[in-house]
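J.: My questions concern the predicted model and sequence given below.
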Amino acid sequence: MARSSILRSQVLRQALGCNKLSPAVSCNLSSGNSSSYETLLSPNPTPSLSHPSPSKPFSSISSNPTTATGFRFSNLPFLLSRPFSSSSGPSNILLIKSENEFNSTLGKVQDESLPAVFYFTAVWCGPCRFISPLIEELSEKYPHVKTYKIDIDQEGLGSVLSKLQITSVPTLHFFKTGKKAVEVIGADVARLKDTMEKLYK
């Protein structure tokens, strides 16, 4: 990981208080509106989009877990006893490593009307680590649905995150027949399970 990414992660961790012991449901990065996949794939993006510059993907940092959907971790020992993600996941969880890779994957999902989950996460985010085993379990249960894992600290993804207005992690975008059907923000286990069952069973 580049030095700038490590420094950015450390600053975000301190500012957000989001680490593996954090009781927050999600780690909020900045404020924003709903994401726009049409703008992202448009050859001429709308100039009126107000988003941070790619070199600084998150213009403002706030810690406000009340904006996240789902339950709160009221039992910290339960969180600590939950196993975190393993280094090697199922073959249908694919890591997106660049903006070009993200755009080509998104284009394929949309063009071929594929079911897919885009999972925005960060290694320093406690709620992300908490739900990681569940994401792996669901990807095994629904093998026909590809899960694309996007680490927000990956170099070169700043403009993607800005255009999609990813303001908290974990954030999951569920696609059905090539179109975004549901967005889940936060470690809402019940909603994640319910969404997968409703969309992909």
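T.: Perfect, I can see it now.

J.: What's the first helix or strand after the helix or strand of the chain with the lowest mean pLDDT?
T.: Lowest on mean pLDDT, DSSP states H and E among the helices and strands of the chain sits helix 76-81, with a mean of 41. Under the assignment DSSP states H and E, the closest C-terminal helix or strand after helix 76-81 is strand 93-96.

J.: What pairs with that next one, parallel or antiparallel?
T.: Partner strands and pairing direction for strand 93-96 (DSSP bridges) are strand 146-151 (parallel).

J.: got the contact list for the strand it pairs with?
T.: By Cβ atoms under 8 Å, 6 or more residues apart in numbering, the surrounding residues in contact with strand 146-151 are 89, 92-96, 102, 105, 109, 114-123, 135, 138-139, 157, 160. For the C-beta atoms, the positions are set from N, CA and C on the backbone; glycine is no exception.

J.: same thing with stretch 110-121?
T.: Around stretch 110-121, the neighbours that count as contacts under Cβ under 8 Å, 6+ apart are 37, 41, 93, 106, 108-109, 128, 132, 135, 139, 144-152, 161, 166, 169-179, 199-200.

J.: Could you give me the ChimeraX syntax to select whichever of those residues are buried?
T.: Selection of buried members from those for ChimeraX, criterion 16 or more other Cβ atoms under 10 Å:
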select :37,93,106,109,128,132,135,139,145,146,147,148,149,150,151,152,161,166,169,170,171,172,173,174,175,176,178,199,200
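
J.: Narrow the contacts of stretch 110-121 to those in helices?
T.: 37, 41, 106, 108-109, 128, 132, 135, 139, 161, 199-200 (DSSP state H).

J.: Can you add pLDDT and distance to Ala190 and give these back as CSV?
T.: Listed next are the ones in helices among the contacts of stretch 110-121 as CSV, based on pLDDT from 0 to 100; distance: Cβ to Cβ, whole Å:
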residue, pLDDT, distance to Ala190
Tyr37, 69, 26
Leu41, 60, 32
Leu106, 96, 27
Lys108, 97, 30
Val109, 97, 26
Cys128, 96, 17
Ser132, 94, 17
Ile135, 95, 14
Ser139, 94, 18
Leu161, 93, 26
Leu199, 97, 15
Tyr200, 96, 16
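
J.: Make a markdown table out of these and add distance to Val189.
T.: Output for the ones in helices among the contacts of stretch 110-121, formatted as a markdown table (distance: Cβ to Cβ, whole Å):
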| residue | distance to Val189 |
| --- | --- |
| Tyr37 | 26 |
| Leu41 | 31 |
| Leu106 | 26 |
| Lys108 | 29 |
| Val109 | 25 |
| Cys128 | 13 |
| Ser132 | 12 |
| Ile135 | 10 |
| Ser139 | 15 |
| Leu161 | 24 |
| Leu199 | 16 |
| Tyr200 | 17 |
